[in-house]
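Trainee: Dropping a prediction and its sequence here:
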Amino acid sequence: MPDISFSERNSAQRVAERLDKHTAGPLQAFMVPFIEHLHKLVRETRPSQADWRRAMEFLTDVGHASDGRRQEWVLLSDLLGVTALVEEINTNRPKGATPNTVRGPFYRADAPRLALDANISLDGVGPTLAVSGHVQDLDGKPIAGATVETWQANSEGFYENQQPDQQPEFNLRGIFTTDDQGCFRYKTVRPGGYAVPGDGPVGQMLGGLGFAMRRPAHLHFLIKADGFETISTHVYDGSDPHLGQDALFGVKDELIGEFKPTGKGDASTLDFTFAMARAKKGRGTT
């Protein structure tokens, strides 16, 4: 009779054997190593039954905290760096190309299309910021007709869809098209950094471990052009003191911008260049 016993030594093998070997596909390819790594982690950390019950209670709380407006599971993935790692694996680009970052939960696909030089700050609250952007290929040639979507938090660190009763709809959002020189321009306000949600089970657990829970000030950009890989990225305020502790692990040297004071009150300017890589078959043109 074959050995069918379950032990510490063969636990992962016994579970993996329950999977239908004739059901091939990405889920099967993921689950086998997932089971192996999970069992290895348990063997290495050797939790007590009470420890494991607390772990299961935490996962249950994460599920209860998630709904149509709040995704606590996504937050857990973000703060553990898994979301950023998946982005890195899937958007490896040539040297000189603008890197991708996590799009984040505050993107809206229905932002308005605006003319160049428009002001996306609909309430005018906050220090003014004039943004000039340049979109080019890896040879430095301008890309005319590229679509540039931008969105950001206000100067207090809140997005419009976080404060629907306090900010105008589509505040600090807009879609622009680059001109013949691959340039776009718009007016806005200087964004503020902010803390990621710390009131749920994920924030409470990681905050209790001293985990950095802040995001440095930034602007979001989503740039598309025919024949090129789509860029979904941030531009960070280089003067923000939390640059080295971004809770979502998005800061890269290539994405740090210089918000220059104009000398007129608290106004500033930002000039930034985005470099697009040619699309490879089956990748990133949407």
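Mentor: Yes, it's here. Residues are numbered from 1 along each chain as shown.

Trainee: Show me the protein divided up by domain.
Mentor: Domain ranges of the chain: 8-46, 84-275, per the TED database.

Trainee: can I assume His39 sits in a strand?
Mentor: No - with DSSP: H, G, I helix; E, B strand; the rest coil as the criterion, His39 is located in helix rather than a strand.

Trainee: Look up how far Lys280 lies from Gln136.
Mentor: With distances taken as Cβ to Cβ, to the nearest Å, Gln136 is found 19 Å from Lys280. For glycine as for every other residue, the C-beta is placed from the backbone atoms N, C-alpha and C.

Trainee: Tell me where this structure has strands.
Mentor: For the chain, the strands defined by DSSP state E occupy 128-137, 147-152, 173-177, 183-189, 194-195, 214-215, 218-224, 231-237, 256-257, 260-261, 268-276.

Trainee: Could you export those to JSON lines, including columns for mean neighbour count, mean pLDDT and distance to Gly63?
Mentor: What follows is the strands of the chain, written out as JSON lines (neighbours: other Cβ atoms under 10 Å; pLDDT from 0 to 100; distance: least, Cβ to Cβ, whole Å):
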{"stretch": "strand 128-137", "mean neighbour count": "20", "mean pLDDT": "98", "distance to Gly63": "40"}
{"stretch": "strand 147-152", "mean neighbour count": "22", "mean pLDDT": "98", "distance to Gly63": "29"}
{"stretch": "strand 173-177", "mean neighbour count": "20", "mean pLDDT": "98", "distance to Gly63": "31"}
{"stretch": "strand 183-189", "mean neighbour count": "20", "mean pLDDT": "98", "distance to Gly63": "37"}
{"stretch": "strand 194-195", "mean neighbour count": "18", "mean pLDDT": "94", "distance to Gly63": "23"}
{"stretch": "strand 214-215", "mean neighbour count": "20", "mean pLDDT": "95", "distance to Gly63": "25"}
{"stretch": "strand 218-224", "mean neighbour count": "23", "mean pLDDT": "98", "distance to Gly63": "28"}
{"stretch": "strand 231-237", "mean neighbour count": "24", "mean pLDDT": "97", "distance to Gly63": "28"}
{"stretch": "strand 256-257", "mean neighbour count": "18", "mean pLDDT": "98", "distance to Gly63": "37"}
{"stretch": "strand 260-261", "mean neighbour count": "13", "mean pLDDT": "96", "distance to Gly63": "46"}
{"stretch": "strand 268-276", "mean neighbour count": "19", "mean pLDDT": "98", "distance to Gly63": "38"}
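
Trainee: What sits closest to Arg93 if chain neighbours are left out?
Mentor: Closest residue to Arg93 in three dimensions, ignoring its sequence neighbours and counting by Cβ to Cβ, 6 or more residues apart in numbering: Ala277, at 4.9 Å.

Trainee: Count the residues that sit near the one you found.
Mentor: Other residues near Ala277 come to 20 when the count uses other Cβ atoms under 10 Å.

Trainee: quick one, what contacts it?
Mentor: Under the criterion of Cβ atoms under 8 Å, 6 or more residues apart in numbering, the contact list for Ala277 reads 93-94, 97, 137-138, 228-229.

Trainee: so which of the residues you listed comes closest to Gln204?
Mentor: Within the set of the contacts of Ala277, Arg93 lies nearest Gln204; the separation is 36.6 Å, counting by Cβ to Cβ.

Trainee: Please name the bridge partners of the residue nearest to Cys183 when sequence neighbours are not counted.
Mentor: Closest residue to Cys183 in three dimensions, ignoring its sequence neighbours and counting by Cβ to Cβ, 6+ apart: His134, at 5.5 Å. Bridge pairing for His134 (DSSP bridges) gives the partners Cys183, Thr273.

Trainee: still on that earlier bit, give me whichever of the domains of the chain is most buried.
Mentor: Across the domains of the chain, averaging neighbours per residue (mean count of other Cβ atoms under 10 Å) puts domain 84-275 on top, at a mean of 17.

Trainee: distance between that domain and the chain's centre?
Mentor: Counting by Cα atoms, centre = their mean, to the nearest Å, domain 84-275 is centred 10 Å from the centre of its parent chain.

Trainee: start to end distance for it?
Mentor: Using Cα to Cα, to the nearest Å, the end-to-end distance of domain 84-275 comes to 20 Å.
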